[in-house]
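Chemist: Model the structure of this input:
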Amino acid sequence: MNMRKFLLMILACGFSFASIAQKNIHPNVILIITDDQGYGDLGISGNSLIKTPVIDRFAKQSLRFNDFHVSPVCAPTRSSLMTGRYSLRTGIRDTYNGGATMASSEITIAEILKQAGYRTGLFGKWHLGDNFPSRPMDQGFDESLMHLSGGMGQVGDVTTYFQKDSSYFNPVLWKNGQKESFKGYCSDIFAANAIQFIEKNKSNPFFCYLSFNAPHTPLQVPEYYDQMYKNVDPSIEFERKNPMHLKMTEKDKEDARKVYGMVSNIDDNIGKLLQKIADLGIEENTIIIFMTDNGPQQLRYTAGMRDKKGSVYNGGTRVPFFLKYPALSKESKVIETMSAHFDVLPTLSELCHVDLPKDRKIDGKSLVPLIKGKKVDWSDRAMFSYWTRKYPELYNSMAIQKAEYKLVGQTNYNASIEDFELYHLKNDPGELHNIVKENKAIALKLKAELDLIYQDLIRSKNLINPPKIIVGTKKENPLTLNRNDADGSRGLWDQEAIFGKWNVNILKGRYNFRFKFINPIAANGDMYLETNTIINQMKNDQHTDVIEMKNVSLPEINGELIPYYLTKGKMILPFSVEIEKLDLNSH
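Modeler: The predicted structure follows:
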């Protein structure tokens with residue numbers, strides 16, 4: 001062999017080794033999360049009635065974090081998952097009521113991975129803001145296929161709401177910010193598009209966030225999966241291991257059967273995705289995570305845990321979390337150390353060799369030491385959780401978990417320590433035996449720590465100065481304001497005669513407004529548009545469900561947009577507001 005060929009061979013080998021090293025530095029990431037699927041909605045969790053062979057097999061091949069916790073409801077979980085921070089720090093304080101928009105200043109998993117050249121894609125549920133600058137495409141995702149608000153068929157999802165009982169089938173979705181019609185069942189659509197994204201980016205590092213909206217309500221399931229559970233009695237498992245000795249109604253049973261069908265459909269779709277990863281030959285260097293966002297919404301089997309979605313008891317917050325990354329560890333094992341949603345970002349930061357943000361508090365910890373079997377002392381670690389509408393209510397539906405103890409507040413702001421609940425989780429996993437009276441010193445210590453975390457979180461700048469929708473930019477024109485992001489009366493949803501508003505920054509210019517109502521409104525009323533000190537109004541003489549205000553001139557406004565139709569002394573809030581800037585090129 002002559003010297004020239006020898007040098008070329010060495011150089012080629014060098015490039016090959018460099019390529020392999022580069023791949024090991026930046027593994028692919030697939031993060032799968034389902035919506036309202038509880039810990040007990042898997043065969044591997046002891047549920048003998050549900051059919052989830054793919055996820056069960058995946059779990060047995062993975063690192064299983066057996067004490068993994070999330071927020072009691074979805075938007076808070078998703079913000080913590082994306083940012084590594086308590087949701088209140090990000091501006092997320094609710095699932096609607098204007099509290100489900102994450103501040104654009106937050107740095108997501110997608111954004112940190114893009115630093116290292118990752119291609120990023122979201123498929124499914126986002127629920128962290130439907131308008132600029134809080135959409136997935138504004139928060140680090142190169143591609144996105146999503147529904148709006150917290151769920152398809154909900155009032156905030158303006159393109160599926162009026163489909164009612166068929167909203168999960170043949171939906172209009174939002175692809176990279178634009179409406180597009182799709183054929184088929186929603187979970188199949190999201191999974192198929194995620195698989196296409198993976199195949200398209202197989203030669204480069206990618207981050208695929210497959211965020212199923214199922215089995216969230218409305219409980220709509222394809223016929224094949226519906227028939228799968230037609231003769232199943234879900235109460236058999238529920239009553240076998242139910243700490244509160246509750247009984248399922250016929251409605252509960254029917255709901256559970258539908259949920260199980262939706263979960264089995266997800267299981268089949270995950271099977272297709274895993275097969276694609278195997279066919280592409282990229283299993284070794286791909287991190288795959290499976291988790292869910294909170295406990296079950298309906299009454300059904302929870303593997304012996306107390307309560308369900310919306311609760312700070314374990315039935316609301318403890319979920320499955322499986323991580324598989326063959327290049328790091330080929331062994332499967334169960335890890336019992338308490339971990340949580342906000343640990344995912346720092347874990348991926350370490351595994352993917354990308355820097356964490358240094359200008360903000362990251363509440364999570366990397367799980368890599370636990371994965372590698374290192375001895376770590378996390379006994380001083382505490383996790384705070386709460387769930388009430390609007391903002392946290394002091395000591396009501398509030399908890400702190402630390403080591404083997406959990407302190408729960410279901411009481412008043414000025415309650416004595418005896419009014420709290422204290423549980424020893426190792427001895428009492430069902431959280432049934434309140435031991436606060438015998439352990440006041442432990443309870444007081446936990447309460448003091450809960451107070452510190454609570455006081456820190458409610459002072460978060462993104463909570464005090466909530467994120468605003470920016471109106472009048474080239475990034476989103478026209479834009480639609482939906483009911484999910486409307487603030488105002490507590491519990492604002494699909495009511496007509498209710499006060500609502502949107503928190504906005506409006507750029508100076510001329511606008512067309514289109515107000516859509518849930519039902520047609522009576523003629524001979526007045527349409528009002530209030531924007532801080534400026535009020536525009538017009539007479540309406542039509543029986544209609546749409547009113548348009550054209551060529552409205554507005555200065556720059558940082559504040560509230562308040563629309564309503566006034567008729568016979570009643571104020572009717574529009575279902576949605578479409579806004580188009582006419583002089584877009586002037587700014």
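
Chemist: residues touching Val334, list them.
Modeler: Val334 sits next to Arg64, Asn66 when contact means CB atoms under 8 Å, 6 or more residues apart in numbering. Just so you know, the C-beta spots here come from the backbone N, C-alpha and C atoms, and that holds for glycine as well.

Chemist: And the pLDDT at it?
Modeler: As predicted, Val334 sits at a pLDDT of 97.

Chemist: Quick check on it: phi, psi?
Modeler: With angles defined as degrees, to the nearest 10, Val334 sits at phi -100, psi 130.

Chemist: do Glu223 as well
Modeler: When read as degrees, to the nearest 10, the backbone of Glu223 gives phi -50, psi -40.

Chemist: same deal with the one 10 residues further on?
Modeler: Recorded main-chain torsions at Asp233 are phi -110, psi 100, according to degrees, to the nearest 10.

Chemist: Tell me where the stretch 1-150 of the chain has helices.
Modeler: For the stretch 1-150 of the chain, the helices defined by DSSP state H, counting those that start in this stretch occupy 3-25, 53-60, 74-83, 87-90, 109-114.

Chemist: Name the surrounding residues that touch the shortest one.
Modeler: By CB under 8 Å, 6+ apart, the residues outside helix 87-90 that reach it are 71, 75-77, 79-80, 83, 93, 102-103, 106, 360-361, 363, 392, 457-458, 460, 462-463.

Chemist: next one: the second one
Modeler: Taking contacts as CB under 8 Å, 6+ apart, the residues outside helix 53-60 that touch it are 42-44, 266-268, 270-271, 274, 288, 290, 320, 322, 324, 332.

Chemist: Which residues belonging to it are considered buried?
Modeler: Val54, Ile55, Asp56, Phe58, Ala59 (16 or more other CB atoms under 10 Å).

Chemist: Same list, these, but as CSV with distance to Leu356 please.
Modeler: Output for the buried residues of helix 53-60, formatted as CSV (distance: CB to CB, whole Å):
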residue, distance to Leu356
Val54, 33
Ile55, 30
Asp56, 33
Phe58, 28
Ala59, 28
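
Chemist: what's the closest of those residues to Glu111?
Modeler: Nearest to Glu111 out of the buried residues of helix 53-60 is Phe58 (CB to CB; 27.6 Å).

Chemist: and the gap between the closest one and Ile109?
Modeler: Using CB to CB, to the nearest Å, Phe58 is found at 21 Å from Ile109.

Chemist: wait, which of the buried residues of helix 53-60 is closest to Leu432?
Modeler: The closest of these, once distances to Leu432 are taken by CB to CB, is Ala59, at 27.3 Å.

Chemist: returning to that earlier point: weakest of the helices of the stretch 1-150 of the chain in terms of mean pLDDT?
Modeler: Confidence, taken as mean pLDDT, is least for helix 3-25 of the helices of the stretch 1-150 of the chain (a mean of 43).

Chemist: can I assume Tyr209 is in contact with Gly121?
Modeler: Yes - contact criterion CB atoms under 8 Å: Tyr209 and Gly121 qualify, at 6.9 Å.

Chemist: For stretch 349-361, measure first residue to last.
Modeler: Using CA to CA, to the nearest Å, one end of stretch 349-361 lies 15 Å from the other.

Chemist: got the contact list for it?
Modeler: Residues outside stretch 349-361 that contact it (CB under 8 Å, 6+ apart): 25-27, 29, 84-85, 89, 107, 112-113, 115-116, 118, 205, 287, 325, 328, 345-346, 348, 362, 366, 368.

Chemist: Buried residues of it, list them for me.
Modeler: Judged by neighbour count using 16+ other CB under 10 Å, the buried positions of stretch 349-361 are Ser349, Glu350, Leu351, Cys352, Val354, Leu356, Pro357.

Chemist: Take the residues you listed and write them to JSON lines, including pLDDT, distance to Gln196 and secondary structure.
Modeler: Listed next are the buried residues of stretch 349-361 as JSON lines, based on pLDDT from 0 to 100; distance: CB to CB, whole Å; DSSP: H, G, I helix; E, B strand; the rest coil:
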{"residue": "Ser349", "pLDDT": "98", "distance to Gln196": "27", "secondary structure": "helix"}
{"residue": "Glu350", "pLDDT": "97", "distance to Gln196": "29", "secondary structure": "helix"}
{"residue": "Leu351", "pLDDT": "97", "distance to Gln196": "25", "secondary structure": "helix"}
{"residue": "Cys352", "pLDDT": "97", "distance to Gln196": "22", "secondary structure": "coil"}
{"residue": "Val354", "pLDDT": "97", "distance to Gln196": "25", "secondary structure": "coil"}
{"residue": "Leu356", "pLDDT": "96", "distance to Gln196": "31", "secondary structure": "coil"}
{"residue": "Pro357", "pLDDT": "94", "distance to Gln196": "31", "secondary structure": "coil"}
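
Chemist: which one of the residues you listed sits closest to Trp502?
Modeler: Lowest distance from Trp502 to the buried residues of stretch 349-361 (CB to CB) belongs to Pro357, with 28.8 Å.

Chemist: Ramachandran angles for the closest one?
Modeler: The phi/psi pair for Pro357 (degrees, to the nearest 10) is phi -60, psi 140.

Chemist: Please report the distance of it from Asn176.
Modeler: 26 Å.

Chemist: Pull the contacting residues for Thr567.
Modeler: Thr567 touches Ile521, Ala522, Asn524, Gly525, Asp526, counting by CB under 8 Å, 6+ apart.

Chemist: Give me the buried entries from the residues you listed.
Modeler: Applying a neighbour-count criterion of 16+ other CB under 10 Å, the buried members of those are Ile521, Gly525.

Chemist: quick one: which of the contacts of Thr567 sit in strands?
Modeler: Among these, DSSP state E puts Ile521, Gly525, Asp526 in strands.

Chemist: thought the last one was touching Lys539?
Modeler: Yes - Asp526 sits in contact with Lys539 when judged by CB under 8 Å, with a separation of 6.0 Å.

Chemist: quick one on the thing from earlier: comparing Tyr209 and Gly121, which residue is more hemmed in?
Modeler: Neighbour count, other CB atoms under 10 Å: between Tyr209 and Gly121, Tyr209 has more, with 28 against 24.

Chemist: which residues touch that one?
Modeler: When the contact criterion is CB under 8 Å, 6+ apart, the partners of Tyr209 are Leu31, Ile33, Ile109, Ala110, Thr120, Gly121, Leu122, Phe123, Gly124, Phe141.

Chemist: Now a PyMOL select for only the buried ones of those.
Modeler: Only the buried entries of those go into this PyMOL selection, using 16+ other CB under 10 Å:
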select buried, resi 31+33+109+110+120+121+122+123+124+141
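
Chemist: now the strands: where do they sit in the stretch 201-350 of the chain?
Modeler: In the stretch 201-350 of the chain, the strands defined using DSSP state E, counting those that start in this stretch lie at 206-211, 286-292, 321-324, 333-335, 339-340.

Chemist: Relative to the third one, what are the paired strands and their orientations?
Modeler: Okay, so that is strand 321-324. Here strand 321-324 is paired, per DSSP bridges, with strand 63-65 (antiparallel), strand 286-292 (antiparallel).

Chemist: which regions of this structure sit below the pLDDT cut-off?
Modeler: The chain contains residues with pLDDT under 70 at 1-24, 586-587.

Chemist: Quickly list the domain ranges of it.
Modeler: Domain segmentation of the chain under automatic domain parsing yields 11-371, 382-463, 469-586.

Chemist: in this protein, which residue is closest to the centre?
Modeler: The structure's the chain has its C-alpha centroid closest to Arg78; by CA atoms, centre = their mean the separation is 3.2 Å.

Chemist: Now do the strands in the stretch 401-550 of the chain.
Modeler: 405-410, 421-424, 469-471, 479-482, 487-488, 500-506, 509-521, 525-531, 534-540, 544-554.

Chemist: export these to CSV and tack on distance to Lys253?
Modeler: Formatted as CSV, the strands of the stretch 401-550 of the chain follow (distance: least, CB to CB, whole Å):
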stretch, distance to Lys253
strand 405-410, 28
strand 421-424, 30
strand 469-471, 42
strand 479-482, 34
strand 487-488, 37
strand 500-506, 37
strand 509-521, 32
strand 525-531, 46
strand 534-540, 48
strand 544-554, 38
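
Chemist: and the helix or strand containing Lys179, which strands flank it?
Modeler: Assessed by DSSP states H and E, Lys179 sits inside strand 178-181. Sheet pairing of strand 178-181 (DSSP bridges) gives strand 172-175 (antiparallel).

Chemist: Good, wrapping up.
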